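Enquirer: using only what follows, build the 3D model:
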Amino acid sequence: MTEFESHDPPTLKSEHKKPAGKPGLFNGSTRHGLLGDLSLRHPWDIPLFAVGVLITCLLLVAWVGAVVFIIYMAATGKWSSIQPAFEGESADGGLSNPYSPISIGIQLFVAFMLIPWVLWIARALMYAQLRASGVRMSPTQFPEGYRMVAEAAEQFGMRRVPDAYVLSGNGMINAFAAGHGYRRFVCVYSDLFEVGGKVRDPEALRFVIAHEVGHHAAGHTSYFRLLFSNFMMRIPILGKALSRAQEYTADNYGYAHVPEGAPGTMALLSGGKYLNAHVNVHELADRAATEKGLWIHLVNLSVTHPVITWRAHALRDRSKPGRMWLRPKNRIFESYLPAGSTFSGKYPTPEEALALLDRARAEGHVIGEEQFGRFPFGQSYPEPQQMRPLQVRQPSAEAANPLVSRKPGAH
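Expert: Residues are numbered from 1 along each chain as shown. Predicted coordinates for the structure are as follows:
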């Protein structure tokens, strides 16, 4: 399929209206309860979270076991056998040494008890910071943005519309979702929010907002979910994998709400708010298959969000879930340049590179417009709806063999 909108988005269960009800401890943020709409979850989302719950429960059992052990030792009078160590009579093992096993054990014991409270306070402070410093979307302030939030919340079956804020981005393109208590909120940085204007790419902003509301609808911002996944998030590979699975789930919500915003979002996140019109998202997505090797996979394992090429590929090919561990293998178009994973001998010489530039233009794969970005003022450009054809135009000839092999040097 050569178009991001070729596959019809799934019908959300939330489109069948249910009473909203009040947010509660166990009914979740949506009308679908704790698990949300399972049809939109990435396959690794719940299994990895289940591993996090298991790890937390094992640590809790160990913590309870330590408490029971101490109580038992004190009740049976056997505590005197280890009393010297607590009184500091041991040169290197008493409480006088903060790095002794006993001291570290006590510190961990106290820290485990404080984690739920620290998490609660951190979420409260984050929400308070937005309430004190952010610009709140409302029916009278940034109503277009607030409408996007409300429409996504309605489609996803949210019990309440999340609070929404715009925060000065200082050049950063970002948005996030979080919560405190039963309250849910989203924050969009100003450099991203401005893309939603009619002269820019409103569908991309709509997709981003739906993505963030999707985190709420999937329960990713629940206090208890964060509490039970807290330890796992600190485990190499597994913690980052859970985060990537959640991002793929949120992308599924965004695509279900506004599939036409998917390519614009990938162009925005990869090229920025001015160069986004000139990012060929097909070329970006094809590189998920052609860029291969150990180092690419190590980069993917080390990040909390899917690498942008894999993410673009997942939003284009809706027949499979987004890749978590191994790169996708199918591409659509041939590339004028070899992949970065090929041997250097296949890279073009300066003369060959100039010839490739002339060939690409002669074959009609280069647009007539200068590709140095578009700015909101100062020049006259085509209407915004003409941006999407630029982003999803055919970058080159279709690939004769769409599957990319694992053979070194092949692309």
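
Enquirer: residues touching the host helix or strand of Ala285, excluding its own?
Expert: Assigned by DSSP states H and E, Ala285 belongs to helix 281-290. Contact partners of helix 281-290, identified using CB atoms under 8 Å, 6 or more residues apart in numbering, comprise 2, 4, 263, 266-267, 270, 307-310, 312-313, 315-317, 323, 327-333, 335, 339, 341, 391-396, 399, 404, 411. Heads up, the C-betas are built off the backbone N, CA and C, glycines and all.

Enquirer: could I get the full set of helices for the stretch 201-350 of the chain?
Expert: Assigned by DSSP state H, counting those that start in this stretch, the helices in the stretch 201-350 of the chain fall at 202-217, 223-229, 238-257, 262-275, 281-290, 294-301, 308-316, 350-362.

Enquirer: for those helices, which has the smallest mean pLDDT value?
Expert: Lowest mean pLDDT of the helices of the stretch 201-350 of the chain: helix 223-229, a mean of 91.

Enquirer: name the residues of that one that are buried.
Expert: Tyr223, Arg225, Leu226, Leu227, Phe228, Ser229 (16 or more other CB atoms under 10 Å).

Enquirer: what about dumping the CA coordinates of it to PDB?
Expert: C-alpha atoms of helix 223-229 as PDB (Å, rounded to 0.1, in the frame of the first residue of the first chain):
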ATOM      1  CA  TYR A 223      -1.500   6.200  39.400                       C
ATOM      2  CA  PHE A 224      -1.600   2.500  40.100                       C
ATOM      3  CA  ARG A 225      -0.200   1.600  36.700                       C
ATOM      4  CA  LEU A 226       2.800   3.900  37.200                       C
ATOM      5  CA  LEU A 227       3.200   2.500  40.800                       C
ATOM      6  CA  PHE A 228       3.300  -1.100  39.600                       C
ATOM      7  CA  SER A 229       5.600  -0.400  36.700                       C
END
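
Enquirer: which elements pack onto that helix?
Expert: helix 45-75, helix 101-133 (3 or more CB pairs under 8 Å, 6 or more residues apart in numbering; DSSP states H and E).

Enquirer: let's have those helices in TSV, adding distance to Met172, mean pLDDT and mean neighbour count.
Expert: Below are the helices and strands packed on helix 223-229 laid out as TSV (distance: least, CB to CB, whole Å; pLDDT from 0 to 100; neighbours: other CB atoms under 10 Å):
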stretch	distance to Met172	mean pLDDT	mean neighbour count
helix 45-75	27	84	14
helix 101-133	15	83	13
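
Enquirer: can I get these in TSV including distance to Leu242?
Expert: Listed next are the helices and strands packed on helix 223-229 as TSV, based on distance: least, CB to CB, whole Å:
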stretch	distance to Leu242
helix 45-75	4
helix 101-133	16
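
Enquirer: returning to what we had before: which of the buried residues of helix 223-229 sit farthest apart?
Expert: Taking CB to CB, the two most distant members of those are Tyr223 and Ser229; they sit 11.2 Å apart.

Enquirer: ok, the residue nearest the centre of the chain to Ala177 distance?
Expert: Computing the C-alpha centroid of the chain and ranking residues by CA atoms, centre = their mean puts Glu247 first, at 3.2 Å. Between Glu247 and Ala177 the computed distance is 11 Å (CB to CB, to the nearest Å).

Enquirer: over to Tyr72?
Expert: Taking CB to CB, one finds Tyr72 at 45 Å from Ala177.

Enquirer: again, but for Tyr255
Expert: Tyr255 is 17 Å from Ala177, by CB to CB.

Enquirer: and these two? Which one has more around it.
Expert: Relative neighbour count places Tyr255 above the other of Tyr255 and Ala177, with 26 against 22, counting by other CB atoms under 10 Å.

Enquirer: hmm, that one is touching Arg318, no?
Expert: Yes - counting by CB atoms under 8 Å, Tyr255 touches Arg318, with 7.3 Å between them.

Enquirer: run a quick neighbour tally on the nearest residue to Phe185 once chain neighbours are set aside.
Expert: Spatially, and ignoring its direct neighbours in sequence, Phe185 is nearest to Asp163 (3.9 Å; CB to CB, 6 or more residues apart in numbering). Neighbour count for Asp163, taken as other CB under 10 Å: 21.

Enquirer: also Gly293?
Expert: Counted with other CB under 10 Å, Gly293 comes out at 14.

Enquirer: for Pro116, give me its contacts.
Expert: Leu227.

Enquirer: so Ala177: helix, strand or coil?
Expert: Three-state call for Ala177 (DSSP: H, G, I helix; E, B strand; the rest coil): strand.
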